[in-house]
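[1] This is a predicted model, with the sequence first.
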Amino acid sequence: MKHTFCCKPSKNKAAKKSVFNLKKQIMTNTKTSKIIMFCFSLLWSLSSFVNLDAQSSKTVSAKAYNDAVKAVNLGKNEEALSLLDKSINANSQFDMAYILRGKYYLAVGNKEQALKDFNQAIAINSGLGEGYACLAYYYLGEKQPQLAFDNSNKAIFLNYKTANVYYYRAQARLQNADYSNAIADFTNAIDMNRLQPDFYHDRAIAKLQLNDFVGAESDLKKALEMNSKSLIYNNTYVFILVKQKEYNQALTFLSDLIEKNSDNSDLILKRADIKMLLGDVKGAETDYRNLVEKTASPLVWTSLGNSLLKQVKYKEAIDCFEKAIQADVKFAEAYLSRGIALENLGDTEGACSDWKTAAELGDNQANIFLTDCK
């Protein structure tokens, strides 16, 4: 975007001629003409000096800003910040310098200063669409979707219609559970930039909320074509397959993925869960046991316990549930499952106590079990 930092005033020949005639008349009619002309010339020169000084400041500011842009492109962020400070010091009304500096501060985690710079840019130029787009992005990060939505709208209203600003508004709508309109905005973003995989991935998320599994899968495949290594995309794709009950396809896909990411515990846990859905309880147990050696998370201990529960190994299962509770005393699912194991061992009182605790911790399923308790 090109910016004009100074403007030359238009010349008025008639006015100049009038001034010249006035000066001539003064010179011929009074002996003090030299003094008056000296003062007149001094004022003229002083005015020119002020204009030149203002123009010089804007030139310095513009050069520093352009150099900052080059520094950013070269990854010299600290140098860029110094140049932006110089640009703003030379011209405190340079809106785009505040925008770029705000982006820098946001990137390094100085959110407070970033917000100040974005707001200052808008205070200088209320028609600055990019300023509102930056605020939209900022508020998305702060989990304030309504403010993100409002600022996206302002940017679009001011004709700042870029792929990113539609994406920001789509994200805000997604957070507000406005899925149909989110899809429309993601589509606008994709129409403007078809090479951004996040646009396809996030549109798939919105489609999933509307149970459009076919559309979601199509979008995920497109995202994976552009970035096949993204674990986020791959995890979402597995989720889609599971939602469609395509368990074997999901298992094959996960196994191939684990070969390339053998240390990824989340992927192994998902594979074990799918094995459970397929009835391969022994295979799931093997995966869970391998995981508990790497992590003592309550989820893995509970999952291992559930696989043992399926095999009627109640005492072994209870040991796992107790380890889960030791890891996190508020892990509701462990109490729920331990209650089931205790009931199968004839300890109804212990089972009801565990289900009551699970319900108090927010597990709704526990309330169903509690109906059998006195």
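    Ah, there it is. Numbers count the residues shown, from 1 in each chain.

[2] most centrally placed residue in this protein?
    Residue closest to the mean C-alpha point of the chain, counted by C-alpha atoms, centre = their mean, is Gly141 at 5.1 Å.

[3] shaky segments in this protein?
    When residues are selected by pLDDT under 70, those of the chain lie in 1-55.

[4] ranges for the strands of the stretch 201-350 of the chain?
    With DSSP state E, counting those that start in this stretch as the criterion, the stretch 201-350 of the chain has no strands.

[5] wait, doesn't Val69 sit right on Lys103?
    No. With contacts counted by C-beta atoms under 8 Å, Val69 stays clear of Lys103, the gap being 11.2 Å. Heads up, the C-betas are built off the backbone N, CA and C, glycines and all.

[6] Give me the buried positions along stretch 356-372.
    Within stretch 356-372, the residues that qualify as buried are Lys356, Thr357, Ala358, Ala359, Leu361, Asp363, Ala366, Phe369, counting by 16 or more other C-beta atoms under 10 Å.

[7] swap in stretch 158-168?
    Counting neighbours by 16+ other C-beta under 10 Å, stretch 158-168 gives Leu158, Tyr160, Thr162, Ala163, Asn164, Val165, Tyr166, Tyr167, Tyr168 as buried.

[8] And the residues you listed, which is closest to Ile99?
    Proximity of these to Ile99, judged by C-beta to C-beta, is greatest for Tyr160, which lies at 11.7 Å.

[9] All the helices of the stretch 201-350 of the chain, in order from the start?
    For the stretch 201-350 of the chain, applying DSSP state H, counting those that start in this stretch gives helices covering 213-226, 231-243, 247-260, 265-277, 281-292, 298-310, 314-327, 332-344, 348-360.

[10] Out of these, which is closest to Ile190?
    Evaluated with C-beta to C-beta, the helices of the stretch 201-350 of the chain place helix 213-226 nearest to Ile190, the distance being 9.1 Å.

[11] Buried ones in the closest one, by neighbour count?
    Phe213, Gly215, Ala216, Glu217, Asp219, Leu220, Lys222, Ala223, Leu224, Met226.

[12] How many neighbouring residues does Tyr200 have?
    For Tyr200, the count of nearby residues is 24 (other C-beta atoms under 10 Å).

[13] got the residue ranges for the helices in the stretch 51-200 of the chain?
    77-90, 95-107, 111-124, 129-141, 145-157, 163-175, 179-192, 197-209.

[14] CSV for those helices, including distance to Val281?
    Below are the helices of the stretch 51-200 of the chain laid out as CSV (distance: least, C-beta to C-beta, whole Å):
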stretch, distance to Val281
helix 77-90, 53
helix 95-107, 48
helix 111-124, 48
helix 129-141, 42
helix 145-157, 42
helix 163-175, 37
helix 179-192, 36
helix 197-209, 28
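
[15] Could you check how far the closest residue to Lys86 other than its chain neighbours is from Gln365?
    Nearest residue to Lys86, sequence neighbours excluded (C-beta to C-beta, 6 or more residues apart in numbering): Ala64, at 4.3 Å. Distance, Ala64 to Gln365, by C-beta to C-beta, to the nearest Å: 62 Å.

[16] what does Ile122 give?
    Counting by C-beta to C-beta, the gap from Ile122 to Gln365 is 50 Å.

[17] One more: Gly350?
    From Gly350 to Gln365 the distance is 18 Å (C-beta to C-beta).

[18] and what of Thr59?
    In this view, Thr59 and Gln365 are 70 Å apart by C-beta to C-beta.

[19] Repeat that for Ala189.
    Distance, Ala189 to Gln365, using C-beta to C-beta: 39 Å.

[20] do Ala172 as well
    Distance of Ala172 to Gln365, computed by C-beta to C-beta: 33 Å.

[21] now do Tyr314
    19 Å.

[22] And for Leu147?
    Counting by C-beta to C-beta, the gap from Leu147 to Gln365 is 36 Å.

[23] in stretch 250-257, what's buried?
    Using 16+ other C-beta under 10 Å as the test for burial, stretch 250-257 gives Ala250, Leu251, Phe253, Leu254, Leu257.

[24] Just the CA trace of it, in PDB.
    Extracted as PDB, the C-alpha positions of stretch 250-257 are listed here (Å, rounded to 0.1, in the frame of the first residue of the first chain):
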ATOM      1  CA  ALA A 250      -9.300 -44.600  10.700                       C
ATOM      2  CA  LEU A 251      -7.100 -47.300  12.200                       C
ATOM      3  CA  THR A 252      -5.100 -47.800   9.000                       C
ATOM      4  CA  PHE A 253      -4.600 -44.000   8.700                       C
ATOM      5  CA  LEU A 254      -3.500 -43.700  12.300                       C
ATOM      6  CA  SER A 255      -1.100 -46.600  12.100                       C
ATOM      7  CA  ASP A 256       0.600 -45.000   9.000                       C
ATOM      8  CA  LEU A 257       0.800 -41.700  10.900                       C
END
